[in-house]
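Asks: Quick one, fold the following:
(one chain, ligands or ions: 2)
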Amino acid sequence: PKLDRIELITVRLPFVQPFATSVHSWAVKEALLLRIESGGVVGWGECVADPDPYYSYETTQTARHIFKDFLLPQVEAGISFAELGERLRPVRGHGMAKAMLENALLDLVARQRGVPLHELLGWPGRRIQSGISIGIKDSIPELLSAVEEALRRPYHRIKVKIMRGKDVAWLRALRAEFPQIALMADANGDYRIEDAPLLRELDAFNLTMIEQPLSYSDIVQHAALQRELATPLCLDESIHDLDDARAALSLDACRIINIKQGRVGGLLESLRIAAFCHERGVGVWSGGMDETGIGRAFNLHLQAAAGFTLPGDTSETSRYFAEDIVAPGVVLADDGFIEMPTGPGIGVQVLEDRVKRYELERERLS
Ligand code: OSB
Ligand code: MG
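Replies: Ligands and ions are numbered 1, 2, ... in the order given. Purely as a prediction, here's the structure:
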C-alpha cells in the first residue's frame, strides 16, 4: 500500500497493579505505537519493547531508531510481505521493531480487504484458551490470593513468576492449596546451571512447564538442565526466530516454546515457528508482553493457527488496565474461553481520543 501518513506515538497507561518479574517491576505500560494511513484506511502496530532493557536488549528508543533509519525506508507501495521480509533480512535482530512494522501493514491490508486478520493469515477464527501470568509478590499469602482470584474468573491455566528465594516454598504452598490446577512457573532467566539441584525440587509439583529458568541468551545450558529434570522446559527470551527454535529443539533444550509475535519479528515468523514445532509434535503457546489492546489483538489472531494447543498468557483487559485504548476489551466467557475478534483487521476499534489522552509524544514521519 502507498502510505499517506505515518506516525510513531508513545503512550503511557497505568497498570491496575505493578507487574514484577525476577528482573524488574513495572508500574506503567509505556508503549510505542505505529499508526499508518492509506486511502482513508488506518492500520495500527504496537512495539512490545519497554523503555528499559530488562526483558530484552530492545527498547522503545532502539525500536524508534531502527524503524526510522533502516526499516521504513524499505517499505514501498505495492511491495509484498515476502519481498519486504527479504529486504529486512540484512537488519540483524531488532525483532520488536520489525514486528511493529509488520503488525501495522497486516492490519492495514486486512482492513482494506475487509477481512479479519486471522483470515488474511489463512486460518479460520476460533475461541481460544485463556491464561494468566501472575507477577512476583511480596509474600506467599498474597500469591495464594492472587491465584485464587484468577481461578474464579476462571482462567484455564495459571503461570506464576518465580525467582531465587521465591521458588520451592512458594510453589509447594500453591500446590498444597490447589492440587489439581494447570500450573507453571516463569523465572525470566534468574537461575544458573549450578542451581540444577534446586530446580529439580520443582519436579515434585507437577508443573506443566518451567519457562526460561536460565539466562535470557542461553540454549545449550537449558539442554543440560532439561536432561536433569522431568518437568518440560519452555523457552521464551532465548528464541528470536525460526533458527533459534530449530537450535533449541535439535538440542532438546526445551519441550515447549513460548511464541511472542512481538519478539520474533512478527506474525509471519511466528507462523513459521508454530508450523515447525507442530510438525515435530512440540507444543507452542502465545506469550504476552502486557500489551495494550492493540498488541493483545495481534496475539489473539495468531492463536487461530494450528499448533497453538496450549493456553497462553492471554488475559482479560481489566487485569492490566482500568481503561484501555481499544474497544471492545478482552473478557473471558463463563467457561474461561476468549472469542476471537471478527471485524476487519485486528477487529477491535482503536479509540483515538484515548490514545491522545495517554500520549506522551507523537512523531509524524510523513
Ligand atoms: O516473561 O512472559 C514473560 C510480561 C512482560 C515481560 C515478560 C513476560 C511477561 C509476562 C506477562 O509474563 C504476559 C502478559 O500477561 O501479557
Ligand atoms: Mg516469560
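
Asks: Number of residues surrounding P328?
Replies: 13 (other CB atoms under 10 Å). Placement of C-beta: from N, CA and C, glycine included.

Asks: quick one: the strands in the chain?
Replies: Counting by DSSP state E, the chain has strands at residues 5-20, 25-38, 41-47, 131-134, 157-161, 183-186, 210-211, 233-235, 256-259, 283-286, 326-327, 349-350, 359-364.

Asks: What number of residues are in the vicinity of A77?
Replies: 8.

Asks: Repeat that for E76.
Replies: 12.

Asks: Any chance of the backbone angles for it?
Replies: phi -140, psi 150 (degrees, to the nearest 10).

Asks: From S215, how far off is it?
Replies: 39 Å (CB to CB, to the nearest Å).

Asks: Centre of the chain to stretch 32-51, how far?
Replies: Counting by CA atoms, centre = their mean, to the nearest Å, stretch 32-51 is centred 17 Å from the centre of its parent chain.

Asks: who touches I6 in this structure?
Replies: For I6, the contacting residues are 34-37, 72, 364-366, by CB atoms under 8 Å, 6 or more residues apart in numbering.

Asks: Go again with 7 Å.
Replies: Neighbouring residues of I6 by CB atoms under 7 Å, 6 or more residues apart in numbering: 36, 365-366.

Asks: Please apply the same query to A306.
Replies: So A306 contacts H278 (CB under 7 Å, 6+ apart).

Asks: cool, and R12?
Replies: Going by CB under 7 Å, 6+ apart, R12 touches 28, 30, 358, 360.

Asks: since we're on K137, how many residues are nearby?
Replies: Using other CB under 10 Å, K137 is surrounded by 18 other residues.

Asks: now the contacts of I6: which count as buried?
Replies: Among those, those classed as buried by 16 or more other CB atoms under 10 Å are I36.

Asks: measure E194 to ligand 1 for me?
Replies: 22 Å (CB to the nearest ligand atom, to the nearest Å).

Asks: close enough to count as contact, P154 and G336?
Replies: Yes - taking CB atoms under 7 Å as the definition, P154 is a contact partner of G336 at 4.7 Å.

Asks: Compare those two (neighbour count), which wins?
Replies: G336 (17 against 12).

Asks: hang on, isn't the more buried one packed against I158?
Replies: No - in this structure G336 lies outside contact range of I158 using CB under 7 Å: 11.5 Å.

Asks: re the thing from before, most neighbours of all the contacts of R12, which one?
Replies: Y358 (22 neighbours).

Asks: need the residues of the stretch 51-200 of the chain near ligand 2, please.
Replies: D186 (CB under 5 Å from the ion).

Asks: Run through the residues of the stretch 51-200 of the chain sitting next to ligand 1.
Replies: 55, 133, 186, 188 (CB under 6 Å from any ligand atom).

Asks: just the stretch 201-350 of the chain next, same as before
Replies: Close to ligand 1, as judged by CB under 6 Å from any ligand atom, the stretch 201-350 of the chain has residues 236, 287-290, 313, 315.

Asks: let's see 8 Å
Replies: 211-212, 236-237, 258, 260, 287-291, 296, 299, 313-315, 319-320 (CB under 8 Å from any ligand atom).
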